[in-house]
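Asks: 3D, please:
(one chain, ligands or ions: 1)
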Amino acid sequence: MLVEKSIKDLEQAILNYNIESAKYSAKKILDEGIDTAAAIKAATKAIREIGEKFHKGILFLPHLVMAGDAMMAASKILEEGISKEKRERLNKGNIVIGTVQGDIHNIGKNIVATMLKSEGFVVYDLGEDVPIERFIEKAKEIDADIIAASSLMTMTMPVLKELIEELERKDLGNKFKVMIGGGSITQEWANEIGADGYGRDGPEAAEVAKRILGA
Ligand code: B12
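Replies: Numbers count the residues shown, from 1 in each chain. Down below sits the predicted model:
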């Protein structure tokens with residue numbers, strides 16, 4: 001079927017680190033009116049495959065970064081396809097997302113942000129190296145439902161704990177739910193620090209956000 005072909009093409013473009021082809025497939029997906037969430041799920045599968053090969057030493061860092069670039073180029077186009085009107089109609093909740101202070105990894109966080117958007121959340125992306133105060137300020141400003149924080153390094157894991165402690169100190173622990181993820185994060189760590197949710201990847205992050213908000 002035509003629908004499946006465009007999604008497969010996108011998956012293949014990422015596996016081939018081909019930015020132009022990823023963009024082309026993303027545009028086709030929009031033209032054909034295909035569900036962007038399905039497209040992002042497929043792209044995440046491709047990135048995961050690249051990640052696994054990287055872990056096994058079959059692929060190297062440049063491959064991962066190039067695949068990430070192809071994924072991000074496609075995501076940007078897919079995001080444009082989610083119209084403002086659709087976002088407002090769908091709005092399942094407001095989410096502030098960022099990578100914690102001291103950490104500049106953003107590929108995974110960007111994927112999660114795109115997935116959340118395509119599932120109907122309004123997402124405010126604060127970028128990388130985000131101080132705790134900035135997460136909290138923005139969450140207050142936009143009346144967020146969830147603060148989603150990414151941490152890729154063991155060194156920055158404690159920042160997530162500090163974020164939750166700071167929210168409690170400010171008596172905001174019940175106001176903003178906290179969802180965490182990233183390479184160094186586990187469900188055990190989420191339980192230990194009292195996070196409201198943990199997601200292994202983009203699609204799971206969207207499921208967890210829906211569960212947290214009962215959306
Ligand atoms: C790419 C990469 C880089 C790139 C980053 C490019 C970029 N724009 O992000 C560059 C080269 C810049 C880089 C730099 C560094 N890196 Co680096 N990097 C990686 C690498 C190879 C892949 C990360 C990645 O993008 N994975 C692919 C994405 C798709 O996966 P992901 O990030 O895990 O995200 C998914 C999930 O975790 C989840 N998720 C992510 N965030 C969130 C958030 C929420 C809320 C939820 C629910 C889910 C979720 O969903 C995502 C999508 O599926 C990892 C190794 C690895 N195997 O992870 C090392 C790694 C993370 N880096 C590491 C290190 C040490 C560094 C440096 C300090 C190196 C140095 N000495 O300079 C610097 C960091 C500087 C800093 N202050 O941050 C270490 C961390 C070790 C540790 N455990 O502490 C790792 C593990 C490598 C290693 N084995 O040593 N790095």
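
Asks: if I look at the closest residue to residue 107 other than its chain neighbours, how far off is the ligand?
Replies: Counting by Cβ to Cβ, 6 or more residues apart in numbering, the nearest residue to residue 107 once its immediate chain neighbours are dropped is residue 68, at 3.9 Å. For every residue, glycine as well, the C-beta is placed using N, CA and C. Per Cβ to the nearest ligand atom, to the nearest Å, residue 68 is found 6 Å from the ligand.

Asks: which SS class is residue 68?
Replies: Going by DSSP: H, G, I helix; E, B strand; the rest coil, the secondary structure assigned to residue 68 is helix.

Asks: what's the neighbour count on it?
Replies: Burial of residue 68, expressed as a neighbour count using other Cβ atoms under 10 Å, amounts to 21.

Asks: show me the shaky parts of the chain.
Replies: For the chain, the stretches flagged by pLDDT under 70 are 1-3, 83-89.

Asks: now the strands: where do they sit in it?
Replies: Under the criterion DSSP state E, strands of the chain are mapped to 94-99, 122-125, 146-150, 177-181, 197-198.

Asks: the ligand is nearest to which of those strands?
Replies: In this view, the strands of the chain are compared for proximity to the ligand by Cβ to the nearest ligand atom, and strand 177-181 is the closest at 2.1 Å.

Asks: and that closest one, what does it pack onto?
Replies: Other elements packing on strand 177-181 under the criterion 3 or more Cβ pairs under 8 Å, 6 or more residues apart in numbering; DSSP states H and E are strand 146-150, helix 157-169, helix 187-193, strand 197-198, helix 202-213.

Asks: what about residue 103, how many residues close to it?
Replies: For residue 103, which is what you asked about, the neighbour count (other Cβ under 10 Å) is 23.

Asks: before we move on, what about residue 204?
Replies: Neighbourhood size, residue 204 [other Cβ under 10 Å]: 16.

Asks: separation between it and residue 198?
Replies: Counting by Cβ to Cβ, to the nearest Å, the separation of residue 204 from residue 198 is 9 Å.

Asks: near the ligand, which residues of this structure are found?
Replies: Neighbours of the ligand within the chain, by Cβ under 6 Å from any ligand atom: 44, 47, 51, 54-55, 61, 64-65, 68, 102-109, 111-112, 148-150, 152-155, 179-184, 199, 201-202, 205.

Asks: any of these buried? List them.
Replies: Neighbour counting by 16 or more other Cβ atoms under 10 Å classes 44, 47, 51, 64, 68, 103, 105-109, 111-112, 148-150, 152-153, 179-182, 184, 199, 201-202, 205 among the residues of the chain next to the ligand as buried.

Asks: how close does residue 122 get to residue 15?
Replies: Distance, residue 122 to residue 15, by Cβ to Cβ: 31 Å.
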